[in-house]
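Asker: Quick one, what's the 3D model for this:
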Amino acid sequence: PEGVAANLGSAHQVSIVVSAPRAQWRSLSSDNFSATVDVAGQKEGTYDLAVNVSSKLSDAHIVRVTPAKVVVTVEPVIRKTVPVVTKFTGLAGDELVPGTPTITPDKVEVSGVKSLITDVREGVLQVRLNGDTKTIDQKLAVVALGANGEPVNTVSFSPAEVQVSIPLVKAGKLKTVGVRPVITGQVAGGNWIKEVTVNPAVISLTGTADLLDKTTEVTTQPITVAG
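Answerer: As a prediction, this is how the structure comes out:
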């Protein structure tokens, strides 16, 4: 129903046993099948719902589906505005590093189920550097990244793409700085934080000289110890 959405958690694949003519065995692939869960009419709550698998091939029949049911949570859809940031992988060429990006717009609206949106603090532009030497100027999709660094496909952004311009500038000197963990929340009653260790405790940074001069430490993303 409008105003709510379904959250499958980590259950995004099922295994199936198929009966089909021997001549088709080599050509069978997951693309020949689709698995769905019907949440039409479900109100807010948690449900144990059947997995329905269909075949695109008339003579390929589903024998068994594992799991046959999955736990689905139907939650309110919420929206909020978050800043857009860039995340770089790879290296530029000619000893260049990314300068300060210009992002238009620099804020987007993210929507999705409450349990996922609560943890989304920013929209991310994934920029792959591959020996580039000129300013990067392109439209990129906005994604939310999970704890494992993989995109979270169950949230959506508006606009879905933004324009980014990234100058490439000469790298300054290398600088080694300490890593400070950011701890949030309160531990459960009767417990306390005995010690916090960081490994590695220091990291090396490279970038423009003016930014390195201003940087005395880096922090982790917030680490919650609530409860």
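Asker: which one's the longest helix in the protein?
Answerer: helix 209-214 (DSSP state H).
Asker: any idea which helix or strand comes after that helix?
Answerer: Remark: after helix 209-214, the chain's next helix or strand is strand 217-219, criterion DSSP states H and E.
Asker: show me the contacts for residue 4.
Answerer: For residue 4, the contact set (Cβ atoms under 8 Å, 6 or more residues apart in numbering) comprises 42-44, 74-77. All C-beta spots, glycine's among them, are computed from the backbone N, C-alpha and C.
Asker: May I see the ChimeraX selection of the buried members of the residues you listed?
Answerer: In ChimeraX, this line selects whichever of those come out buried by 16 or more other Cβ atoms under 10 Å:
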select :42,74,75
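Asker: In a markdown table: the contacts of residue 4, plus secondary structure, pLDDT and distance to residue 22.
Answerer: Output for the contacts of residue 4, formatted as a markdown table (DSSP: H, G, I helix; E, B strand; the rest coil; pLDDT from 0 to 100; distance: Cβ to Cβ, whole Å):
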| residue | secondary structure | pLDDT | distance to residue 22 |
| --- | --- | --- | --- |
| 42 | coil | 92 | 41 |
| 43 | coil | 91 | 47 |
| 44 | coil | 91 | 48 |
| 74 | strand | 92 | 43 |
| 75 | strand | 90 | 45 |
| 76 | strand | 89 | 50 |
| 77 | strand | 89 | 47 |
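Asker: ok, back up a step: how about the longest helix of the chain, which residues are buried there?
Answerer: Buried residues in helix 209-214, counted by 16+ other Cβ under 10 Å: residue 212.
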